[in-house]
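Enquirer: Provide a 3D model corresponding to the input given below.
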Amino acid sequence: MNPEKQAIVNMHIATFLFGMTAILGKLISLNEFNMVWHRMLIASVLFMFFPKFFKLLKTTPKKTIFIFLTNGIIVAIHWLTFYGSIKIYNNASLTLACFGSVSLFAAILEPIILKKPFKKSEIILGLFVLFGLILLAKANPENDFSLQSNYIKAILIALVSAFLAVIFTIFNKKYIADNDPNVVTWAQMTGGFIFLTIALPFVLNSGYAFEFIPSKIDIVWLVILGFLCTNIAFALEMKALKQISAFASSIILNLEPLYGIIAAIIIFKENETLNSWFYLGAAVIVASVFIHAWLGRERN
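Expert: You can find the predicted model right below:
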């Protein structure tokens, strides 16, 4: 297999693993805080075993490490809201569909943060995403559109997660420069873990359940989440990006919600609890994500 084809395969594997994080979020019995704390701990420790990690760490400026340690806080809150959305309605498909709203937030936030002109095409596309979200809300089987509905709460929390994902992605684009991606990701995992550890006493005082040593099956899922879906998936993605264009990689990465929803249907039979309004809304959002990537092909 030539290098480009291998890179495409690697990117698909990485994307599939990213999509599986939602499935694991539903399989793991721990609450979102407990889950993210363990995921960031496992990922940050395992990155230290990557080849030449400490040599690369020594050559990375301390200021850069501090910047990404700080960005890790945003990553941690993003994951808290992502898994919180899944836990509150116990549905991975709904969260993954809402996560497609990243194109809407990117169209608004990138020009503001990176000081670039707004693009009418992306704003219009953002309106299509909003339409898709309205269809998702209409799919609520409880027919309750107030904040008392866990379905509506799950959508809102997922939107916060998508918003934060765009923030830390833009942050990475702005500051990653020539820094080693493994060191950068280690700093983010470590920064997030430190943040959550500092917050832990307050969480415990609030009566929130926390297990330092989870059940055996949860440990298995957490290792898969931390190692396969974080360390390995990220390494495959970075390796693939050296061989294929940013446009090609973005198209493949946009399959993440699709892979996740298909897996949720196969594993959890979530199609039995979701109606046609959901799939119509999800289709509009996913299509908008692909169109957003296509519009960006010239910039990439």
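
Enquirer: okay, CA-based contacts and neighbour counts for the rest of this
Expert: OK.

Enquirer: give me the neighbour count for P141.
Expert: Other residues within reach of P141 by the criterion other Cα atoms under 10 Å amount to 12.

Enquirer: let me know the secondary structure of it.
Expert: Taking DSSP: H, G, I helix; E, B strand; the rest coil as the rule, one finds P141 in the coil state.

Enquirer: dump the residue contacts of it.
Expert: Taking Cα atoms under 8 Å, 6 or more residues apart in numbering as the definition of contact, the neighbours of P141 are 274-275.

Enquirer: for it, give me the pLDDT.
Expert: Per-residue confidence for P141 comes out at a pLDDT of 86.

Enquirer: equivalent analysis for the one 5 residues further on, please.
Expert: Reading off the per-residue confidence, S146 sits at a pLDDT of 86.

Enquirer: my guess is it contacts I155. True?
Expert: No - using Cα atoms under 8 Å, S146 is not in contact with I155; the gap is 11.7 Å.

Enquirer: quick one: which of the two has more around it?
Expert: More crowded of S146 and I155, by other Cα under 10 Å: I155, with 24 against 10.

Enquirer: quick one: the more buried one from G126, how far?
Expert: Shown here: I155 relative to G126, a distance of 17 Å by Cα to Cα, to the nearest Å.

Enquirer: what about the helices in the stretch 101-250 of the chain?
Expert: Here the stretch 101-250 of the chain has its helices, by DSSP state H, counting those that start in this stretch, at 102-113, 120-138, 150-175, 181-205, 216-223, 233-241, 246-253.

Enquirer: figure out which of these is closest to L30.
Expert: Across the helices of the stretch 101-250 of the chain, L30 has its closest neighbour in helix 216-223 (7.7 Å, Cα to Cα).

Enquirer: convert the C-alpha atoms of that closest one to CSV, please.
Expert: Included here for helix 216-223 are C-alpha records, laid out as CSV according to Å, rounded to 0.1, in the frame of the first residue of the first chain:
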residue,chain,number,x,y,z
LYS,A,216,-13.0,-3.9,36.5
ILE,A,217,-15.2,-3.5,33.4
ASP,A,218,-15.0,0.3,33.7
ILE,A,219,-11.2,0.1,33.9
VAL,A,220,-11.2,-1.8,30.7
TRP,A,221,-13.4,0.8,28.9
LEU,A,222,-11.3,3.6,30.4
VAL,A,223,-8.1,2.2,29.1
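
Enquirer: what does it contact?
Expert: If you take Cα under 8 Å, 6+ apart as the criterion, helix 216-223 is touched by 24, 27-30, 35, 38-39, 42.

Enquirer: for it, give the mean pLDDT please.
Expert: The pLDDT scores in helix 216-223 average 97.

Enquirer: so which helix or strand of this protein has the lowest pLDDT on average?
Expert: helix 246-253 (a mean of 70; mean pLDDT, DSSP states H and E).

Enquirer: I'd like the next helix or strand past that one.
Expert: The C-terminal neighbour of helix 246-253 among helices and strands, as given by DSSP states H and E, is helix 256-268.

Enquirer: pull out the buried residues from that following helix.
Expert: By neighbour count with 16 or more other Cα atoms under 10 Å, helix 256-268 contains the buried residues 256-265, 268.

Enquirer: can you pull out the residues in contact with the helix or strand following it?
Expert: Downstream of helix 256-268, the next assigned helix or strand under DSSP H and E is helix 276-295. Outside of helix 276-295, the residues that reach it under the criterion Cα under 8 Å, 6+ apart are 97-98, 100-103, 122, 125-126, 128-129, 131-139, 247, 250-251, 254, 257-258.
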